[in-house]
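> generate a structure from the sequence data that follows.
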Amino acid sequence: MTHHTDIRQHPDIMEMRARYEAAAANPTAQLTDGITLLAGIYLAVSPWIVGFNGLSNITVNNLITGLLVALLALGYSSAFGRTYGLAWVAPIIGVWTIISPWVISGPNNTTGVIVSNVVVGVIILLLGLANMQTRMAAGKRHTPGFGKGTTPDTGR
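Residues are numbered from 1 along each chain as shown. As a prediction, the model looks like this:
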């Protein structure tokens, strides 16, 4: 007779969920997630705030990437245990936001387009890196094989 147990009740999975919930409850992580959400919303609406006069491709780009950043921030803050594998996406979107005026519009950019995208891109890049660092630190608090709560480098 075979006994099937629910994998969601496995002690290692429950411990991993608890670590990710603790990481998401960290005030620094909450601040990072909140500012990332605001940066994503700003990026999405920036064409209308700054006035991207007739630059339809960069307008669509900023709308889509801004909404994506906002959705990532919501995912990080509400279900990080399920979205931690996407933590690397925000920094890449930040880099794309910085270079997109030149890649998409070429020399047809206004100063407002360039300044807006570079500033919000740097913010998204830095917040994305901070988010990755915070989440990776939570994952390293317990390394299998070294005892509960210990790490290989310190033994504590």
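> what's the burial count for Ala130?
Taking other Cβ atoms under 10 Å as the neighbour definition, Ala130 ends up with a count of 18. C-betas here are computed from N, CA, C, even on glycine.
> with Ser78 instead?
A count of neighbours around Ser78, defined by other Cβ under 10 Å, yields 11.
> then Leu67?
The local packing of Leu67 (other Cβ under 10 Å) involves 15 other residues.
> repeat for Gly94
24.
> then Ile99?
Counted with other Cβ under 10 Å, residues neighbouring Ile99 total 12.
> who touches it in this structure?
If you count contacts by Cβ atoms under 8 Å, 6 or more residues apart in numbering, Ile99 has them with Gly121.
> gap between it and Gly121?
Separation of Ile99 from Gly121 (Cβ to Cβ, to the nearest Å): 8 Å.
> then Gly106?
Per Cβ to Cβ, Gly106 is found 17 Å from Gly121.
> neighbour-wise, which of those two wins?
Between Gly106 and Gly121, counting by other Cβ under 10 Å, Gly121 is the more crowded of the two (22 against 8).
> secondary structure element holding that one?
Gly121 belongs to helix 111-139 when elements are defined using DSSP states H and E.
> show me what that helix is packed up against.
In terms of contacts (3 or more Cβ pairs under 8 Å, 6 or more residues apart in numbering; DSSP states H and E), helix 111-139 is packed against helix 11-25, helix 27-46, helix 56-83, helix 89-105.
> what angle separates it from helix 56-83?
10 degrees (axes from the mean of the first three to the mean of the last three Cα atoms, to 10 degrees).
> buried ones in helix 111-139, by neighbour count?
Using 16 or more other Cβ atoms under 10 Å as the burial criterion, the residues of helix 111-139 that qualify are 113, 116-117, 120-121, 123-132, 134-135, 138.
> ok, Thr32 - how many residues close by?
As a burial measure, Thr32 scores 25 neighbours (other Cβ under 10 Å).
> next one: the one 4 residues further on
Neighbouring residues of Thr36 were enumerated by other Cβ under 10 Å; the total is 26.
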